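Colleague: pasted the sequence and its predicted model underneath.
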Amino acid sequence: MSRNAEAWERRPQLPATHFVDARLYTDETLFREEREKIFGKTWIIACHESELANPYDYRTFRHPAGPDLVLVRGDDGVVRAFYNICPHRGNVLVREPAGTARALTCIFHAWTFDCRGGCTGIARRKEGYQDRLGTKDVGLRAVRCQVGFGGFVWVNLDDAGPSLGDFIGGALGSLLPHISQPLEVFHYQKIAVNTNFKLWHDTNSEFYHDYMHYFNRVTGMQQPGYFDRRYVPHPNGHAAVGSMEVKYDQYSGSGQRRIGWPGLAPGGWILIDLFPGMTYNLRTSVIRMDVVIPIAPNKTLIEIRGLGLRSDTAAERAERVRDHNIIWGPFGRNLHEDLLGVAGQGSALRDSASGARWLLHGREEGQTIHDEVGMRHYYAEWGRRMDRLSSAPFTESSP
Amino acid sequence: VSHRPDVDEIIYRSALLLDAGDFGGYLALCAPGFRYLISAYSPEIRRDMIWLEHDKAGMTTLFETLPRHHSDPAPLARHLTVYTVTVSDDGTQAQAVTALQVFRTSLDGGATELFGVGKIHDSVALTADGARLLKRHIKLDTRMLGIGSHIPF
């Protein structure tokens, strides 16, 4: 039976933890607060260490809550992060997304900086500043930066927040044995999609949408063990999903994997979602890493990386690339479908007047694969950081 | 004898067939040993990336499984301009470089947007029975492909 306006607006008859107000995905005020209270205070992945393999290599990153950053591997091998801003007149310092340079030189007035963020040159300093300002006064703004958990380069704009280790906690416990070897990025893709960033992470946090993926239905859902996979919530809004034996040979053109991943059972699959928008996804012979970068309430940049082992032979790497592309490449089977899904949500939820009122996170199946506990756990952390209820974000009461 | 018309013809026809969703017709243009490759260079990771690679059987499977998947229904239009055609000394093969532009037209309203650009590097067999595609390597300049596509270029 269809519903009239009153019924459509009525709160779902579910616990408040089991649905969210649709304005979480459309409201400008909430979006600004999310950037400040969540992305401005948490660890997020800027790049991978293999993108900065040698001293003086640099890599830029569009931080979702602050200025663009530049990551630099120093002459001492340490990776550091700085605002990608010349402190002189606010120009962008590094213009290419990656490169190698012993000195970072602003093209505007030729000020130079070293790999540790110190200013090393002010053009005609003596003539212009006499003794009033020197290089020691105009170093780059450093940002907390740490390499870890598979060699990813993490940054945090908050100088006073918890350590990376405390932030991750035990969430990656099931994955750590598989990422102890040095990894290497072989695939990098940015995707701009008109949807809210949380909707992409939601999709990575629930497997009920496997109904959208023919590949996952025939290789997973129809196979023994699929409905036994369990969600394990971890502190700070993270969640891990248990493995199963995926039957890749059930999809025409996919076939039996030859190389797999060290320590991962054949057909194994480990997925770990990290708050507020990162996902480790290990299956077949590849690790995929998603990082969401919110641009606007209904616009999100998704960075997707595919990683193999740094020790790969050419043949091994080629196989990982093939495994990656069949489901996760830009022409892959699952990525396109996931993007269709969230783009559809973004179309329906494009602004506060779009009409949607509630989104349900109410499935309870003993924390197994179609249970929506992953999203409920995420929004509990969202509420804690935002000091709002995700089911009633504009009421006075705190969660 | 100039082979240029034959090479131009098969390249342009391949675009028309893909645009029309005539995948069987497209595969009929391909030699048994056909290889298909899409790659792009990433300045971010400073590497060439392979985004799709198949032999003829793989391309056949890709097309045959399409109906089982959810795909963007908005049609793609491939606009090609054959820049150069170089024929081998023995006249059995040609190498062609073609500019590629792909446009996506929305179903609702019909707005058209540029989807991607790049170059197509084709190897074409020149036989008594006509030209056949031996290898197609698409080198994309565009790396942000929106929600992507199940159907290659």
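Modeller: Perfect, thanks for sending it. Model, not experiment: these values are computed from the prediction.

Colleague: when you work out contacts or count neighbours from here on, use the C-alpha atoms and nothing else.
Modeller: Will do.

Colleague: who in chain B is up against chain A?
Modeller: B:42-47, B:49-53, B:58, B:61-62, B:65, B:68-72, B:143-152 (CA under 8 Å from any CA of the partner chain).

Colleague: got a quick PyMOL command for the buried subset of those residues?
Modeller: Filtering those down to the buried ones (16 or more other CA atoms under 10 Å in any protein chain shown) takes a single PyMOL command:
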select buried, chain B and resi 42+44+45+49+50+51+52+53+58+62+69+70+71+72+143+145+146+147+148+149+150+151+152
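
Colleague: residue numbers of the stretch 251-399 of chain A in contact with chain B?
Modeller: A:252-253, A:321-322, A:325-326, A:329-333, A:335-337, A:339-340, A:343.

Colleague: quick one: the strands in chain B?
Modeller: B:30-42, B:47-55, B:76-87, B:93-105, B:112-127, B:130-140 (DSSP state E).

Colleague: of the residues of chain B next to chain A, which belong to helices?
Modeller: B:G58, B:T61, B:L62, B:T65 (DSSP state H).

Colleague: closest to A:S391 out of those residues?
Modeller: B:T65 (40.5 Å; CA to CA).

Colleague: right, and B:H150 touches A:H336 too?
Modeller: Yes: the pair B:H150 / A:H336 is scored as a contact, 7.0 Å apart, by CA atoms under 8 Å.

Colleague: what is the neighbour count of the residue nearest to A:H48 when sequence neighbours are not counted?
Modeller: Nearest non-adjacent residue to A:H48, counting by CA to CA, 6 or more residues apart in numbering or on different chains: A:F152, 4.3 Å away. Using other CA atoms under 10 Å in any protein chain shown, A:F152 has 20 other residues around it.

Colleague: kindly report the same for A:G366.
Modeller: A:G366 has 13 nearby residues by other CA under 10 Å.

Colleague: quick one: secondary structure of it?
Modeller: coil (DSSP: H, G, I helix; E, B strand; the rest coil).

Colleague: and the nearest residue to A:L176 once chain neighbours are set aside, what does it touch?
Modeller: Distance criterion CA to CA, 6+ apart; nearest residue to A:L176, sequence neighbours excluded, is A:F149 at 7.1 Å. Applying CA atoms under 8 Å, 6 or more residues apart in numbering or on different chains to A:F149 gives the contacts A:L172, A:L176, A:I179.

Colleague: same question, A:I38
Modeller: Counted by CA under 8 Å, 6+ apart, A:I38 has contacts A:P276, A:W382, A:R385, A:M386.

Colleague: re the thing from before, from the contacts of A:F149, which is closest to chain B?
Modeller: A:I179 (19.8 Å; CA to the nearest CA).

Colleague: burial measure for the closest residue to that closest one other than its chain neighbours, as a count.
Modeller: Nearest non-adjacent residue to A:I179, counting by CA to CA, 6+ apart: A:G150, 5.2 Å away. Per other CA under 10 Å, the neighbour tally for A:G150 reads 21.

Colleague: quick check, A:G150 in a helix?
Modeller: No: counting by three-state DSSP, A:G150 is not part of a helix but coil.

Colleague: contacting residues for it?
Modeller: Going by CA under 8 Å, 6+ apart, the list of residues near A:G150 reads A:L176, A:I179, A:S180, A:Q181, A:P182, A:L183.
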